[in-house]
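K.L.:
okay, here's the prediction I keep looking at, along with the sequence it came from:
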Amino acid sequence: MAARAFSTVQLVNGSTGDPVLYLDYPGSDNALLFDGGENGGLTAAQLGDLEAVFVTHHHVDHFIGLDRIVRANMDRDKVLHLFGPVNTIRKVYDRITAYEYPYFPFQKIVVRVTELLPGKRRTAVLECTRRFPEPVIEEADWAGPVCYENADLRVEAAHADHTVPCLAFALAEKSGYHPDPKKLSAGLLKSGRWVPEALRLLRDGADPQTRLDIDGGSFTLAALAENYFTESAGARVAYVTDTFWSDAARPGLVKLAKGAWRLYCDSFYAAAEAKRAAQYKHLIAPQAGELARLAKVEQLVLIHFATRYAGKYQQLIDEAAAVFPRVTAEVS
Ligand SMILES: [Zn+2]
Ligand SMILES: [Zn+2]
């Protein structure tokens, strides 16, 4: 069984730029984005494919890319889900309404913004067709950790310990049938609306002889399952950045990353800068290794290297590797 279902996992700015992680699945409007920093490395089409965005906090290196995200989805007839810490609704609303719009009828974006606080969640729906009126906020109890769920996956959140309210996230795919990206690109049928339809039938345990009409042909569910889908155990991907290795944050972060196929983790400073890391509330490289070790992840990818280490990033990788050997970084 394949361990994971996504077809693309892209650390958009590598380990040295703004931390931004893009994951995509076969089909449309189902990509996920972790963090809203600089995203010029993603095309408008990639951003337009987004289903949900998970913003860790509102520091500029994690939030400056919001405008491109909104713009790329403006004409889309869909709900874009956006999650972040306290005050995300106000900040997103202010950013969207900082621009003037012609309000063409084809601009249909609906942004459903949820901010996660300890013990509760607040949600507001920002609608372009209604010309973005003042958000009406609904508040509900939220015990965590799941903040978002669809048929294929769940996303969990935990509170990090940064200089401002900050979240960490983990994607947990559900086990079972998933579209197979390799089979889909090699097959005769083009990916389309039939993919989610067939997937729903497969997961519901429908009769394998059920026929679907696709592109003028008729196909049994059994044939579609064989040629375009795969059964997957489901992968876990954890994304942890901008946090201090404090007693308050540690248990939640270890739980979040537990057994992950891959942990993307803040490694802003080297061990020699532990004092600075405590002051600015980041991890030092050995602590990223420690989190990976405690959570027993398969792979650790270090992210968010401070520019002071330009030209000597290997030092950060070596320090993490001394604690957890299966570590890499994307340094160009
Ligand atoms: Zn920060
Ligand atoms: Zn940062």
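P.N.:
Thanks, I have the structure now. Since we're looking at a predicted model, the values are computed, not measured. Ligands and ions are numbered 1, 2, ... in the order given.

K.L.:
show me what from the protein comes close to ligand 2.
P.N.:
Those residues of the chain that sit near ligand 2, judged by CB under 5 Å from the ion, are 61, 242. Placement of C-beta: from N, CA and C, glycine included.

K.L.:
how is the chain carved up into domains?
P.N.:
8-174+234-329, 176-232 (automatic domain parsing).

K.L.:
got the end-to-end distance for the longest one?
P.N.:
Domain 8-174+234-329 has an end-to-end distance of 17 Å (criterion: CA to CA, to the nearest Å).

K.L.:
same question, the shortest one
P.N.:
End-to-end distance of domain 176-232: 5 Å, with CA to CA as the criterion.

K.L.:
was I right about Pro286 contacting Glu319?
P.N.:
Yes - using CB atoms under 8 Å, Pro286 is in contact with Glu319, at 5.2 Å.

K.L.:
now the common contact residues for those two.
P.N.:
Ala271 (CB atoms under 8 Å, 6 or more residues apart in numbering).

K.L.:
which stretches of the stretch 1-150 of the chain form strands?
P.N.:
8-11, 21-24, 31-34, 50-54, 79-85, 110-117, 120-127, 138-141, 146-149 (DSSP state E, counting those that start in this stretch).

K.L.:
list the strands paired with the second one, with their directions.
P.N.:
It stands for strand 21-24. strand 8-11 (antiparallel), strand 31-34 (antiparallel) (DSSP bridges).

K.L.:
got it, and the fifth one?
P.N.:
Strands adjacent to strand 79-85 in the sheet, as given by DSSP bridges, are strand 50-54 (parallel), strand 110-117 (parallel).

K.L.:
please identify the most buried of those strands.
P.N.:
Mean neighbours per residue, mean count of other CB atoms under 10 Å, is largest over the strands paired with strand 79-85 for strand 50-54, with a mean of 24.

K.L.:
distance from it to the middle of the chain?
P.N.:
Here the centre of strand 50-54 is set off from its chain's centre by 7 Å, with CA atoms, centre = their mean, to the nearest Å.

K.L.:
same check, this time on stretch 50-68
P.N.:
Distance, centroid of stretch 50-68 to centroid of chain: 10 Å (CA atoms, centre = their mean).

K.L.:
alpha carbons of that stretch, in CSV - could you do that?
P.N.:
This file holds the C-alpha atoms of stretch 50-68, laid out as CSV (Å, rounded to 0.1, in the frame of the first residue of the first chain):
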residue,chain,number,x,y,z
LEU,A,50,-6.2,25.8,-3.2
GLU,A,51,-8.8,24.3,-0.9
ALA,A,52,-7.4,25.5,2.4
VAL,A,53,-4.7,27.7,3.8
PHE,A,54,-3.2,27.3,7.3
VAL,A,55,-1.4,30.4,8.5
THR,A,56,0.8,29.9,11.6
HIS,A,57,1.0,33.5,12.6
HIS,A,58,0.9,37.1,11.3
HIS,A,59,4.6,38.0,11.1
VAL,A,60,5.3,39.3,7.7
ASP,A,61,7.4,36.3,6.5
HIS,A,62,4.3,34.1,7.1
PHE,A,63,1.6,36.3,5.9
ILE,A,64,2.8,38.6,3.0
GLY,A,65,1.6,36.1,0.4
LEU,A,66,-2.1,36.4,1.3
ASP,A,67,-2.8,38.9,-1.5
ARG,A,68,-1.7,36.6,-4.2
